[in-house]
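A.B. asks: My questions are about this predicted structure, shown below with the sequence.
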Amino acid sequence: MTKLLIDSNLFKSKTLVLLESVLLAACLCVLALRTTFAEAPIVQSITLSGSLCDPVYSLSVSAVLMFAFVLWFIWSFWSNRFLYRVTGIEIGLCIFCVAAVVSSFAASDKRLAVTAVVVLLAPVFCAILLVQILDSQSKIKIVLVVIAALGMLSAYQCSEQFFSSNQMTIEQYEEAPETILEPLGIKPDTFQHFLLEHRLYSRGARAFFTTRNSAGSFALIAFFAAIALFIAKFKDRKSGLYKPLDLFGSSAVAAIVIFGLAITRSKGAIIGLLFAIVMFIVYLLFGDRLKSYRKAILIFFIIAVIVGGCFVVSYGLANGRLPGGNSMLVRWQYWHTSARIYADHLFTGVGPGNFAHFYPHYKSAEALESVADPHNFPLSILAQYGPLGLAGFLAMIFIPLWKVTSFNAVGSPLKIKQHREPFRILALAFLMVILATLLLIRPMLMSVAPTETFEESVYVIFTLYLTPVLVFIVGFFLLTMPLNAVHDAQSRLCDANITIAALFCAALGVILHNLIDFAIFEPGVFVAFWIIIACMIAADCRRNARAQFAMKAPFFSKALITAAGLVLFAAYFYYAWWPVYKSTGKMQQAYDAICAGQFIQAHSLLSAAAEDDRLSPTASNMNGRLYLQHYNETGQQQPDLLEKAEECFRDAIKRDWADYKNYEKLSEVYLLLGQTQKAYDWSLKATNLYPGCGRLWFGLAKIAEQLGRNDLAVEQYQKTIDIEDSYRRQFQIMYPEREKVVSRIDEEKYRFAMKRIKELSEKSGI
């Protein structure tokens, strides 16, 4: 194996070139899908039918990204000469993979761990693939055009939500609250009801993402993609290639994306954007001078991070919060709790995707919400993957960023013969493929309520399916015009410099934003983030003539690599995708059977689903809940249903011992069976897993009363009161304008607990 400074295009066969175009189109289609369809692969709700399919979809599109790289690698290996560009991601990726395997074995819910690892790693492999196949400025430009056009589409969706659909939802809620509450399983006048109203009236626009912060992070990425295209055109304006209207198109898209970011009202994304803009301006003004001091800048940055981290920790410990509004108060609670989680799992973390199960174990009593992420990406990785995982994750990001800050560190720029790049053909071809994806695949993913009239059907089709496609087409052509541009070597070098600088600043802006949020882990944002990293590295390869590994592999090595690829595919299919697909399909059928009142069939399907996926507790939990529901609906005349529910919940606990909910439900089963002592024991286990939950302490106290343990009941009722009081104090701090505190355990239970403390104390002479 040798290192060469060569143009890889000289050694690619026509078949390989065609394959690379197909793989690039596949990656862009996945990006288009993930940024136009909300995806929550490790948050599986058993109350909403649509959310059951999220893991299958996430694993499917992740497989496209991962095995696109595997296919390219094997195909290239069989070529006359195998060429591989070193990206700088590889070292960190290897470290992170080791940490992911170790932490997955330590995870409580191993199915969530497998899914989380796959969804996290797939975009990284996509980035490595794109570095290999983005071998021309035209391809890099097309990728940036797609990102920016999707950013314009996201901005359109944000504006539609902000000015129209959010208001319609509010009007629907005010007219008939049950239409919003019942599908979500929320009872009126509860704390969950309050949180729903708070989010509803905040009118946050989140586009196609799960949160407005995620929409803000993606807008930041899309804005710098548009800016890179605009400045490249602006610098070439004297050559006569571009007319003022062409410049207007790119600037208009950038302005629309900024507008979309603004109406998300994501403070973190806006701060990240401002930081990135300042950095970009500094680069444009002093870029050449700063390169000479990059080591000093790095040292200053590291010192600033250490000092800033020490200040945050010391301020938080001293004040119990961070400076700022309510969001910073709760973030400190997230971070402090996460630090306690990590302290008890120093080497492995709690396991990928398992943070939500462990957070209640450590959550403070006054904290209003339980969360699935600490809203800080280094802390999130540390708590789930351990220190080795954090080291690998940071290395994957910062080694490539460091490498692109040097110019001509490896060799001189590639001398490529000036030619007319087939930009028009490439642009139109990729546009057609993405449009087909948005028109054919995206509607299959979306669940829409049935319409009553033809006019309503036309309206739904136009607004949900056709309008987004039209907006994307407009953005695409605004950014690509003119389609017949020809660039000389000097303009290519200028384009590469601008692209690298813009994407470098965008990456740092997203990183800064996600020091106080988790938007980077939203699949659409994460894919876009790694794609801009890939574009940045690929542009640097064009500018800087990075060394490539080149080898002519013997037949034995080719066969070995092919076999390894097939084994990897088989392992993914049988252990990651197929069990989830089979189990999810049967759970979906069971959900439909439940809606039709066919409980026996539903039980059979859920039992089969649990067998199909031996790692997941979801089907067993769902089956146990159904047995409880079935028992209550039959007038409590079939105790055998409770015995089956007991079996299901015990099975769920074996598969995930960290989730307190299964323990709570098992205690409920034993109460109905009249086994009070067992009910108390399992309720106590649930309470130990969630010690900050007043509701659990209240239930435990009532069981203690049934056992005649009044002394324990008094202690547990008092614990209920203490937790509720601490929560109410924080509620008043966060919402001083509200005259009445929304009780978290229910006002009647709160007063009942105080009453029973007094009565039992007098009775027992305590």
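C.D. replies: That came through fine.

A.B. asks: How are the helices of the stretch 101-250 of the chain distributed by residue range?
C.D. replies: 110-133, 137-160, 166-175, 178-184, 191-202, 212-235, 244-264 (DSSP state H, counting those that start in this stretch).

A.B. asks: What are the buried residues along the fifth one?
C.D. replies: Using 16 or more other Cβ atoms under 10 Å as the burial criterion, the residues of helix 191-202 that qualify are 191-194, 196. All C-beta atoms are positioned from the backbone trio N, CA, C, and that covers glycine.

A.B. asks: Can you tell me which of those is nearest Cys158?
C.D. replies: Using Cβ to Cβ, Leu196 comes nearest to Cys158 of the buried residues of helix 191-202, at 20.5 Å.

A.B. asks: Can you check the pLDDT for the closest one?
C.D. replies: The model reports Leu196 with a pLDDT of 78.

A.B. asks: quick one: it and Leu184 touch, right?
C.D. replies: Yes. At 7.2 Å, Leu196 and Leu184 qualify as touching, with contact defined as Cβ atoms under 8 Å.

A.B. asks: roughly how far out does whichever strand or helix holds Pro468 sit from the chain middle?
C.D. replies: Assigned by DSSP states H and E, Pro468 belongs to helix 467-480. Remark: helix 467-480 is offset 26 Å from the chain centroid, using Cα atoms, centre = their mean, to the nearest Å.

A.B. asks: Now it - C-alpha only, CSV.
C.D. replies: Extracted in CSV, the C-alpha atoms of helix 467-480 (Å, rounded to 0.1, in the frame of the first residue of the first chain):
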residue,chain,number,x,y,z
THR,A,467,-46.4,22.3,-2.2
PRO,A,468,-43.2,21.1,-0.5
VAL,A,469,-42.0,19.7,-3.8
LEU,A,470,-42.7,23.0,-5.6
VAL,A,471,-40.9,25.0,-2.9
PHE,A,472,-37.9,22.7,-3.2
ILE,A,473,-37.9,23.1,-7.0
VAL,A,474,-38.0,26.9,-6.8
GLY,A,475,-35.1,26.9,-4.2
PHE,A,476,-33.1,24.4,-6.3
PHE,A,477,-33.3,26.6,-9.5
LEU,A,478,-32.7,29.8,-7.6
LEU,A,479,-29.4,28.3,-6.3
THR,A,480,-28.2,26.6,-9.5
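
A.B. asks: in that helix, what's buried?
C.D. replies: Using 16+ other Cβ under 10 Å as the test for burial, helix 467-480 gives 468-469, 471-476, 478-480.

A.B. asks: just the helices in the stretch 301-450 of the chain please.
C.D. replies: 326-343, 355-362, 377-403, 423-436, 442-445.

A.B. asks: Nearest residue to the middle of the protein?
C.D. replies: In the chain, the residue lying closest to the centroid (Cα atoms, centre = their mean) is Glu522, at 2.1 Å.

A.B. asks: how close does that residue sit to Ala207?
C.D. replies: 11 Å (Cβ to Cβ, to the nearest Å).

A.B. asks: shared neighbours of those two, anything?
C.D. replies: Common contact partners of Glu522 and Ala207 (Cβ atoms under 8 Å, 6 or more residues apart in numbering): Phe218.

A.B. asks: what ranges of the stretch 351-500 of the chain fall below the confidence cut-off?
C.D. replies: Counting by pLDDT under 70, the stretch 351-500 of the chain has low-confidence residues at 407-421, 449-452, 483-495.

A.B. asks: Apologies, that question was intended for the chain.
C.D. replies: In the chain, residues with pLDDT under 70: 1-11, 42-53, 236-243, 246, 407-421, 449-452, 483-495, 545-547, 635-636, 764-766.

A.B. asks: What are the boundaries of the strands in it?
C.D. replies: Taking DSSP state E as the test, the strands found in the chain are 2-4, 82-85, 548-551.

A.B. asks: Ser616 and Tyr690: what is the separation?
C.D. replies: The gap separating Ser616 from Tyr690 is 21 Å, by Cβ to Cβ.

A.B. asks: same check, this time on Ile271
C.D. replies: Applying Cβ to Cβ, the value for Ile271 to Tyr690 is 34 Å.

A.B. asks: Equivalent analysis for Thr264, please.
C.D. replies: From Thr264 across to Tyr690, the span is 33 Å (Cβ to Cβ).

A.B. asks: who's more crowded, the two?
C.D. replies: Thr264 (28 against 21; other Cβ atoms under 10 Å).

A.B. asks: For the more buried one, give its distance to Leu150.
C.D. replies: In terms of Cβ to Cβ, Thr264 sits 15 Å off from Leu150.

A.B. asks: Check Arg655 too.
C.D. replies: 38 Å.

A.B. asks: what's around Ser21, how many residues?
C.D. replies: By the criterion of other Cβ under 10 Å, Ser21 has 16 neighbours.

A.B. asks: just to revisit the earlier point, Pro639: which of the helices of the stretch 301-450 of the chain is closest?
C.D. replies: Of all these, helix 355-362 comes closest under Cβ to Cβ, at 30.7 Å.

A.B. asks: by contact count, what packs against the closest one?
C.D. replies: helix 326-343, helix 377-403 (3 or more Cβ pairs under 8 Å, 6 or more residues apart in numbering; DSSP states H and E).

A.B. asks: who touches the shortest one?
C.D. replies: Looking back up the chat, that one is helix 326-343. Defining contact as Cβ under 8 Å, 6+ apart, one finds that helix 326-343 is touched by 267, 316, 320-322, 349-350, 355, 358-359, 361-364, 366-369, 371, 374-376, 379-380, 382-383, 516, 730, 733-734.

A.B. asks: So how do I select the buried members of the residues you listed in PyMOL?
C.D. replies: Buried residues among those (16+ other Cβ under 10 Å), as a PyMOL selection:
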select buried, resi 267+316+321+322+349+350+355+358+359+361+362+363+364+366+367+368+371+374+375+376+379+380+382+383+516+730
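
A.B. asks: picking up where we left off before, and the buried residues of helix 191-202 as JSON lines, adding distance to Val86?
C.D. replies: Putting the buried residues of helix 191-202 into JSON lines (distance: Cβ to Cβ, whole Å) gives the following:
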{"residue": "Phe191", "distance to Val86": "52"}
{"residue": "Gln192", "distance to Val86": "50"}
{"residue": "His193", "distance to Val86": "54"}
{"residue": "Phe194", "distance to Val86": "53"}
{"residue": "Leu196", "distance to Val86": "50"}
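
A.B. asks: burial measure for Ala539, as a count.
C.D. replies: Residues lying near Ala539 (other Cβ under 10 Å) number 29.

A.B. asks: on that earlier part again, now the nearest residue to the residue nearest to the centre of the chain once chain neighbours are set aside: how far from Asp373?
C.D. replies: Using Cβ to Cβ, 6 or more residues apart in numbering and skipping the chain neighbours, the partner closest in space to Glu522 is Ser214 (4.0 Å). For Ser214, the distance to Asp373 equals 12 Å [Cβ to Cβ].

A.B. asks: neighbours around Glu724, how many?
C.D. replies: So Glu724, with other Cβ under 10 Å, has 26 neighbours.

A.B. asks: again, but for Arg424
C.D. replies: Count around Arg424 with other Cβ under 10 Å applied: 15.

A.B. asks: coming back round to it: relative to Ile533, which of the helices of the stretch 101-250 of the chain is closest?
C.D. replies: Ile533 lies closest, by Cβ to Cβ, to one member of the helices of the stretch 101-250 of the chain: helix 110-133, at 5.4 Å.

A.B. asks: ok, Thr676 - contacts?
C.D. replies: So Thr676 contacts 670, 703, 706-707 (Cβ under 8 Å, 6+ apart).

A.B. asks: Out of those, grab the one that's most surrounded.
C.D. replies: Ile703 leads those on contacts (other Cβ under 10 Å) with 23 neighbours.

A.B. asks: Kindly provide the distance from Val458 to Leu445.
C.D. replies: 21 Å.

A.B. asks: higher neighbour count, the two?
C.D. replies: Applying other Cβ under 10 Å to Val458 and Leu445 shows that Leu445 carries more neighbours, namely 16 against 12.

A.B. asks: Return the distance of the more buried one relative to Thr36.
C.D. replies: 9 Å.
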